[in-house]
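**Student:** Compute the structure for the input listed below.
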Amino acid sequence: MHIFLGPAGIPLTTKGPSTVDGIRRVAELGLNAMEVEFVRGVHMSIATAKEAGVVARDANVVLSIHAPYFINLCNPEKAAASKKRILDSCERAYHLGAWVVVFHPGFYGALEKTKAFEMVLSECEAMNETLLANGWDVKLGLETTGKPSQFGTLDETMAIHHKIKNCIPAVDFSHIFARDAGHIDFHEVLKKMEALGMDRHHCHFSGIEYTMKGERRHLTIDSNQPDFPALAKGLLKTKIRNITIISESPVLEKDSMKMLEILKQEGYAWKK
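**Tutor:** Below is the predicted model:
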């Protein structure tokens with residue numbers, strides 16, 4: 001197993017403000033992954049993406065992208081703009097060398113869940129055709145979401161993957177925990193992930209505060225909501241080959257490094 005660890009965005013201890021500065025800081029810390037955050041909009045130029053991609057390759061830092069939050073593939077009035085935001089992210093991902101673009105698929109609204117699934121599937125098929133036409137070798141990562149009002153259970157994202165192999169579940173363990181009111185069966189989740197037979201997985205982890213409506217805010221992993229050591233134990237017993245775990249903790253890289261120490265304590269032989 002090869003595990004990639006890093007923060008969601010530029011590390012807090014980075015001296016400069018740029019993505020390139022962030023990548024270099026990730027490498028300095030001995031980590032090997034970073035998720036580039038486009039959550040407020042896609043503002044990176046193609047030239048900057050190319051530059052950052054070279055730096056990441058030289059530093060052996062695996063990149064991914066989180067597309068903007070303003071996405072709802074379940075709403076016909078918002079689907080076109082949502083797809084553009086995702087595809088703009090994919091274009092940058094291609095030039096960055098980022099292998100996956102993660103996004104929240106949308107909200108059920110007044111739709112029945114089967115109808116919402118059909119809409120998300122249709123829009124993902126259209127986006128995948130665009131990726132193929134442009135030669136962008138990038139995965140579409142449908143994130144498991146943290147509120148019952150959102151499309152994005154593990155089973156839903158897996159079902160999309162079974163229809164479109166280039167669409168993968170981006171498993172957010174904390175979202176699953178919050179969505180199920182403080183419960184997650186790591187063994188069951190990892191078993192389902194393993195059964196997909198995918199070469200690479202992309203995941204998020206942090207502590208999380210939740211209400212009856214689902215996720216409320218991210219916490220540090222010291223909250224043990226959910227319990228990272230339990231995930232680490234389970235993960236090292238699976239046959240998953242490659243997995244990226246992005247820290248969405250308020251302390252970002254600090255918790256990535258804490259995850260690394262916990263994995264080492266469980267017997268993982270770290271390979272940067």
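**Student:** where are the low-confidence patches of this structure?
**Tutor:** The chain contains residues with pLDDT under 70 at 272.
**Student:** all helices of it, in order?
**Tutor:** Remark: helices of the chain, listed N- to C-terminal, are 19-28, 46-59, 79-96, 113-134, 154-163, 173-179, 186-195, 228-235, 253-265; assignment by DSSP state H.
**Student:** want to throw those into CSV with mean neighbour count and distance to Thr145?
**Tutor:** C-beta coordinates here come from the backbone N, C-alpha and C atoms, glycine included. What follows is these, written out as CSV (neighbours: other C-beta atoms under 10 Å; distance: least, C-beta to C-beta, whole Å):
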stretch, mean neighbour count, distance to Thr145
helix 19-28, 21, 26
helix 46-59, 17, 27
helix 79-96, 21, 14
helix 113-134, 16, 12
helix 154-163, 17, 9
helix 173-179, 26, 6
helix 186-195, 16, 14
helix 228-235, 19, 19
helix 253-265, 19, 21
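**Student:** mind putting those helices in JSON lines, distance to Val102 included?
**Tutor:** Conversion of these to JSON lines gives the following (distance: least, C-beta to C-beta, whole Å):
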{"stretch": "helix 19-28", "distance to Val102": "16"}
{"stretch": "helix 46-59", "distance to Val102": "16"}
{"stretch": "helix 79-96", "distance to Val102": "9"}
{"stretch": "helix 113-134", "distance to Val102": "13"}
{"stretch": "helix 154-163", "distance to Val102": "11"}
{"stretch": "helix 173-179", "distance to Val102": "12"}
{"stretch": "helix 186-195", "distance to Val102": "15"}
{"stretch": "helix 228-235", "distance to Val102": "19"}
{"stretch": "helix 253-265", "distance to Val102": "17"}
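**Student:** Now do the same contact list for Met119.
**Tutor:** The contact partners of Met119, by C-beta atoms under 8 Å, 6 or more residues apart in numbering, come to 73-74, 76, 79, 106, 111.
**Student:** swap the cut-off to 6 Å and go again
**Tutor:** Going by C-beta atoms under 6 Å, 6 or more residues apart in numbering, Met119 touches Cys74.
**Student:** quick revisit: of all the helices of the chain, which one comes closest to Ala8?
**Tutor:** With C-beta to C-beta, the closest approach to Ala8 among those belongs to helix 253-265: 9.4 Å.
**Student:** Against which helices or strands is that closest one packed?
**Tutor:** Judged by 3 or more C-beta pairs under 6 Å, 6 or more residues apart in numbering; DSSP states H and E, helix 253-265 is in contact with strand 2-7, helix 228-235.
**Student:** could those be laid out in CSV, adding distance to His161?
**Tutor:** Compiled in CSV, the helices and strands packed on helix 253-265 are given as follows (distance: least, C-beta to C-beta, whole Å):
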stretch, distance to His161
strand 2-7, 20
helix 228-235, 20
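**Student:** which stretch among those comes nearest Ile243?
**Tutor:** Minimum separation from Ile243 across these (C-beta to C-beta) falls at strand 2-7, 5.7 Å.
**Student:** list the buried ones in that closest one?
**Tutor:** Residues 3-7 are the ones in strand 2-7 that count as buried (16 or more other C-beta atoms under 10 Å).
**Student:** how far off helix 19-28 does it point, in degrees?
**Tutor:** Using axes from the mean of the first three to the mean of the last three C-alpha atoms, to 10 degrees, the interaxial angle of strand 2-7 with respect to helix 19-28 works out to 130 degrees.
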